[in-house]
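Visitor: here is my input; please provide its structure:
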Amino acid sequence: MRPNALQPGDMQGIYSITKAAVVNMTRAFAKECGPFGIRVNALLPGLTKTRFASALFENREIYDRWINEIPLRRHGEPHEMAGTVLYLVSDAASYTNGECIVVDGGLTI
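Guide: Purely as a prediction, here's the structure:
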């Protein structure tokens with residue numbers, strides 16, 4: 001499941017458009033809020049085992065097709081997204097602003 005914000009999904013036009021808007025909104029708000037010391041960043045997850053993505057996991061044919069496209073050959077787990085979020089909210093990211101960080105097992109390479 002490619003981050004739809006960067007690559008539109010098949011038959012997911014409206015969803016992909018809304019995700020692309022999040023990327024642009026992140027960058028716009030980062031630019032506007034930066035002078036006030038407010039950083040704005042986004043996480044762009046790939047195929048992650050969540051309730052929202054459950055239909056992809058329940059259909060073995062679709063799931064296998066996605067897994068075969070991911071260089072790590074597996075889906076992500078929610079805790080694997082948490083590390084990136086922890087970075088973004090930590091002092092280590094104090095100079096990170098306007099970034100959209102992809103965590104997708106290499107799918108968008």
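Visitor: so for the lowest-mean-pLDDT helix or strand in the chain, what gets flagged as buried?
Guide: Every helix and strand of the chain was ranked by mean pLDDT, DSSP states H and E. The lowest is helix 54-58, at a mean of 86. Neighbour counts over helix 54-58 (16 or more other C-beta atoms under 10 Å) mark Leu56 as buried. Every residue, glycine included, has its C-beta placed from N, CA and C.
Visitor: show me what it is packed against.
Guide: For helix 54-58, the contact count by 3 or more C-beta pairs under 8 Å, 6 or more residues apart in numbering; DSSP states H and E identifies helix 60-69 as packing neighbours.
Visitor: and the helix it packs on, average pLDDT?
Guide: If you average the pLDDT over helix 60-69, you get 92.
Visitor: again with stretch 29-48
Guide: For stretch 29-48, mean pLDDT is 97.
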